[in-house]
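S.K.: when you get a sec, could you give me coordinates for this:
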Amino acid sequence: MNQHMNFRSSVLLLLVAGTAVPAYGDDLPDKVPAQLRDRALSTLRNGLNTETKWVKVHAAEALIWHGYPDDIGTMFAAEAATADPQYRIGCLRVLAQAAMVPEDREQRVQQIRQELANPESVARVHAIETLAKLGFTPGEEDRLERGLAAEPPSAMTAYARWAMANSARKTDMRSLAQLLDSSDKDIRATAAYALRHLSMVPEDVAGRIASVARREADESPPNAYVMGAWYVHAGEQDRADAARALLPLAKSESKDQRYEVCATLGRAGSLSDLDLLETMLDDEQVDVRIAAAHAILRIGRRFPH
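M.R.: Predicted structure coming up:
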């Protein structure tokens, strides 16, 4: 496959991969016990119907990913019309994933890019993060995102480099990984968060992640984003060490840390993680419960009967 996809093919690939999975009850049974699977799905639907803003976005995205779009498009189109700038980006993110034809997805992506292009917008960071999450890869003519990627290190820079890294070019992934050396813990966390989303990284980037993670593993608390990236990209020789650094954070006092554990297990966990994730369906924070539910269902997809 051409590694230098334009944004249309990149976004289409990511979204089709998420929405083409048959719904449970069709012909894809998995090894997750039916009662746990049903509980996870119920958690997502409750989040969609009872929560607001970003928690609702996370529930909607998970339902779309697992093949349950329901009336999500109609719901978020109505909310986008009156939403504040930041949450409007979240609505557009959901609508891009719920779109049934490439033209609609492209329209939503362009609306997000328009927000990013407005230097007065309070939602620019949300916009560039969303573009990266949707699989957008700047083309040679897309000077805006390329310019942001070249700026001094910041969260904006990290998200722009993530978008560049969607190209699957090793140089772009290495540029993102360079931010792991920042003295700013938040920048390191954002870069690691972005790297955790990539399906694969070069061996030297995986080694860089592992080196930073080992250095930070004894901090209190460890940086869950760095530990998550390590866990996802760890080789066989490092996986046990990465698990020992990541999994205890499921009991962290920080909601964000607990959420990141769930998200990481959704990306790279196994059936052996289901017991932990089931306990996290009782977390006091709805967003963590949604992340746990999504992870349970994603693990099921990876381990069909």
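
S.K.: pLDDT weak spots in the stretch 1-150 of the chain?
M.R.: 1-29 (pLDDT under 70).

S.K.: that one: helices as residue ranges?
M.R.: Along the stretch 1-150 of the chain, counting by DSSP state H, counting those that start in this stretch, helices occupy 7-19, 34-50, 53-65, 72-80, 85-98, 102-117, 124-133, 143-149.

S.K.: and the second one, what does it pack against?
M.R.: Counting contacts by 3 or more Cβ pairs under 8 Å, 6 or more residues apart in numbering; DSSP states H and E, helix 34-50 is packed against helix 53-65, helix 286-302. Placement of C-beta: from N, CA and C, glycine included.

S.K.: please save the CA atoms from the longest one in PDB.
M.R.: So the one you mean is helix 286-302. Extracted in PDB, the C-alpha atoms of helix 286-302 (Å, rounded to 0.1, in the frame of the first residue of the first chain):
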ATOM      1  CA  VAL A 286     -18.100   7.300  33.700                       C
ATOM      2  CA  ASP A 287     -15.400   8.000  31.200                       C
ATOM      3  CA  VAL A 288     -13.200   5.300  32.700                       C
ATOM      4  CA  ARG A 289     -16.200   2.900  32.500                       C
ATOM      5  CA  ILE A 290     -16.600   3.700  28.900                       C
ATOM      6  CA  ALA A 291     -12.900   3.200  28.100                       C
ATOM      7  CA  ALA A 292     -13.100  -0.200  29.900                       C
ATOM      8  CA  ALA A 293     -16.100  -1.200  27.900                       C
ATOM      9  CA  HIS A 294     -14.500  -0.300  24.700                       C
ATOM     10  CA  ALA A 295     -11.400  -2.200  25.600                       C
ATOM     11  CA  ILE A 296     -13.400  -5.300  26.400                       C
ATOM     12  CA  LEU A 297     -15.100  -5.300  23.100                       C
ATOM     13  CA  ARG A 298     -11.900  -4.500  21.200                       C
ATOM     14  CA  ILE A 299     -10.200  -7.500  22.900                       C
ATOM     15  CA  GLY A 300     -13.100  -9.600  21.800                       C
ATOM     16  CA  ARG A 301     -12.600  -8.500  18.200                       C
ATOM     17  CA  ARG A 302      -9.000  -9.700  18.300                       C
END
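
S.K.: and the contacts of that helix?
M.R.: Outside helix 286-302, the residues that touch it by Cβ atoms under 8 Å, 6 or more residues apart in numbering are 21, 28, 30-32, 36-37, 39-41, 43-44, 47, 51, 54-55, 58-59, 62, 65-66, 255, 258-259, 262-263, 265-267, 269-271, 273-274, 277-278, 280-283.

S.K.: can I get the helices of the stretch 1-150 of the chain in a markdown table including mean neighbour count and distance to F303?
M.R.: A markdown table is the format used below for the helices of the stretch 1-150 of the chain (neighbours: other Cβ atoms under 10 Å; distance: least, Cβ to Cβ, whole Å):
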| stretch | mean neighbour count | distance to F303 |
| --- | --- | --- |
| helix 7-19 | 17 | 18 |
| helix 34-50 | 17 | 12 |
| helix 53-65 | 22 | 16 |
| helix 72-80 | 17 | 26 |
| helix 85-98 | 23 | 24 |
| helix 102-117 | 17 | 30 |
| helix 124-133 | 24 | 25 |
| helix 143-149 | 17 | 36 |
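
S.K.: reformat these as CSV; add distance to I209.
M.R.: Output for the helices of the stretch 1-150 of the chain, formatted as CSV (distance: least, Cβ to Cβ, whole Å):
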stretch, distance to I209
helix 7-19, 22
helix 34-50, 29
helix 53-65, 25
helix 72-80, 34
helix 85-98, 26
helix 102-117, 27
helix 124-133, 18
helix 143-149, 19
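
S.K.: would you point out which residue is most central in the chain?
M.R.: Per Cα atoms, centre = their mean, the C-alpha nearest to the average position across the chain is that of H197, at 5.5 Å.
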